[in-house]
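**Q** pasting the sequence and the predicted model now:
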Amino acid sequence: MARVKRGMAAHAKHNKVLKLAKGFRGRSSKAFRPALERLEKAWQYAYRDRRNKKRNARALWIQRINAAVRELGMKYSTFMNGLKKAKVSVDRKILAKLAVENPEVLKTLVSKSKSGPSSKKIAPKTSSVEKKVETPKVSSAVKKSPSGKAPSASRKTPKMTAKKPAQKTATATKKPSAKKPVAKKAQAKKK
């Protein structure tokens, strides 16, 4: 079978990486290894920031809604709560767009959120029949343990007494003598 050399594939792979790394500083756009490392890091940043972009957009929408609603004498949180209670489902992106482009419509939404829910309030359900559960009574003379046996009379709880400080003994503790490590060369000579 013929010998397979992989120079063509490797060269194509290197060129692909270097093409993607165009515009990077220094060797990161010229040499393969730093270019690949820089690209991998760039892809990590891109992955992270695609999520951060959504987070920042939502924060901007909230700021715009809050600014527009405060001009109409209401706070953002109470406005959103009022919309929810009035069962008006408009997302923050649209509300922010309305705040910038069409403030008259936002004004009507603010008045709806101030008025609250249009439907009647429903009282919480209460059950007319309450079930009474009786607990079995245990005689105070003999209390049984969970295993079903009466506790033995020999077991008594210890009384709390003030402890005396422990006295130090006069015997000194012996330290083990440190052995010197035998050199490997000396062991080899003995053999």
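**A** That came through, no problem.

**Q** could you use CA atoms for every contact and neighbour count after this?
**A** Noted.

**Q** show the model's pLDDT score for Ala2.
**A** pLDDT, Ala2: 88.

**Q** the top helix by length along the chain packs against which elements?
**A** Longest helix in the chain, counting residues (DSSP state H): helix 32-71. Contact here means 3 or more C-alpha pairs under 8 Å, 6 or more residues apart in numbering; DSSP states H and E; on that basis helix 32-71 packs against helix 7-20, helix 76-85, helix 92-101.

**Q** just put the ones you listed in TSV and tack on mean neighbour count and mean pLDDT.
**A** What follows is the helices and strands packed on helix 32-71, written out as TSV (neighbours: other C-alpha atoms under 10 Å; pLDDT from 0 to 100):
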stretch	mean neighbour count	mean pLDDT
helix 7-20	13	96
helix 76-85	17	94
helix 92-101	17	96
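
**Q** so which of the ones you listed is nearest Lys54?
**A** Each of the helices and strands packed on helix 32-71 has some distance to Lys54 by C-alpha to C-alpha; the shortest is helix 92-101, at 11.1 Å.

**Q** now Arg3, what's its secondary structure?
**A** Here Arg3 is recorded as coil under DSSP: H, G, I helix; E, B strand; the rest coil.

**Q** now it: phi and psi?
**A** Listed backbone geometry of Arg3 is phi -80, psi 130, with angles given as degrees, to the nearest 10.

**Q** ok so, going back, out of the helices and strands packed on helix 32-71, which is closest to Ala57?
**A** Proximity to Ala57 (C-alpha to C-alpha) singles out helix 92-101 among the helices and strands packed on helix 32-71, at 8.5 Å.

**Q** what comes up buried for the following helix or strand past the closest one?
**A** Helices and strands here follow DSSP states H and E; after helix 92-101, the next one along the chain is helix 103-115. Neighbour counts using 16 or more other C-alpha atoms under 10 Å place 103, 106-107, 109-110, 112-114 of helix 103-115 among the buried residues.

**Q** so what touches helix 103-115?
**A** Residues lying outside helix 103-115 but in contact with it, judged by C-alpha atoms under 8 Å, 6 or more residues apart in numbering, are 68-69, 72, 74, 79-86, 95, 98-99.

**Q** and for stretch 26-36?
**A** Looking at what lies outside stretch 26-36 - C-alpha under 8 Å, 6+ apart - the contacts are 14, 17-18, 21-24, 38.

**Q** that older thread, make a markdown table from the helices and strands packed on helix 32-71 and add distance to Asn56 to it.
**A** Compiled in a markdown table, these are given as follows (distance: least, C-alpha to C-alpha, whole Å):
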| stretch | distance to Asn56 |
| --- | --- |
| helix 7-20 | 28 |
| helix 76-85 | 17 |
| helix 92-101 | 12 |
